[in-house]
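Novice: No sequence on hand, only this structure:
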């Protein structure tokens, strides 16, 4: 692929998005933009103000706050691709990967720079064990969730990566596919 591009690395909590995203950005020489790194300090303050606690799915933090969180990440990516850098964005992108119109709208924000999706797939039990082990407050609702099995794969074009495989090997495989 010639010129800059944007790659979204998405998956369920505990799938390994951040690990794959870091390795992929390094392989591609791209800017890494992880939603947790970029917005969690602000989310913690919003949660304190709204008394939402550690639940990022609290009604006070959904809707407009969710969109603002994504807009922050996307706006920084847009600025980087406009100056010639490729970007790897790490976030769940739950709504966008399940609705072709939402995915197309996201792509238009980067036009004419191509947008690609890498979906990090793991069995629900693996993701649940990882959330339990990392023991972060934001994972409280997901740690014991039995609905993770109900999270369907993306309906938009994507590259699939195995979140249980060697991350460096998978990042190299995906980087080669993205650059082909």
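Specialist: That came through fine. On a predicted model such as this, the values are computed, not experimentally measured, just so you know.

Novice: okay, CA-based contacts and neighbour counts for the rest of this
Specialist: OK.

Novice: For the chain, which helix or strand comes out least confident on mean pLDDT?
Specialist: Sorted by mean pLDDT, DSSP states H and E, the helices and strands of the chain end with helix 140-143, the least confident at a mean of 55.

Novice: Give me the sheet partners of the next helix-or-strand element following it and which way each runs.
Specialist: Going down the chain from helix 140-143, the next helix or strand is strand 159-162, by DSSP states H and E. Here strand 159-162 has these sheet partners by DSSP bridges: strand 115-121 (parallel).

Novice: List the buried residues of the helix or strand just after the strand it pairs with.
Specialist: Downstream of strand 115-121, the first helix or strand assigned by DSSP H and E is helix 124-134. Within helix 124-134, the residues that count as buried by 16 or more other CA atoms under 10 Å are 124, 127-128, 130-132.

Novice: Strands of this structure, residue ranges please.
Specialist: Taking DSSP state E, the strands of the chain run over residues 6-10, 31-34, 87-90, 115-121, 159-162.

Novice: which one of the ones you listed is the most hemmed in?
Specialist: Comparing those by mean neighbour count (mean count of other CA atoms under 10 Å), strand 87-90 ranks first with a mean of 27.

Novice: can you redo the strands of the chain as TSV with distance to residue 48?
Specialist: What follows is these, written out as TSV (distance: least, CA to CA, whole Å):
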stretch	distance to residue 48
strand 6-10	27
strand 31-34	22
strand 87-90	24
strand 115-121	31
strand 159-162	36
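
Novice: Just put those in TSV and tack on mean pLDDT and distance to residue 106.
Specialist: Shown next, in TSV, are these (pLDDT from 0 to 100; distance: least, CA to CA, whole Å):
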stretch	mean pLDDT	distance to residue 106
strand 6-10	97	10
strand 31-34	98	16
strand 87-90	98	12
strand 115-121	96	8
strand 159-162	92	17
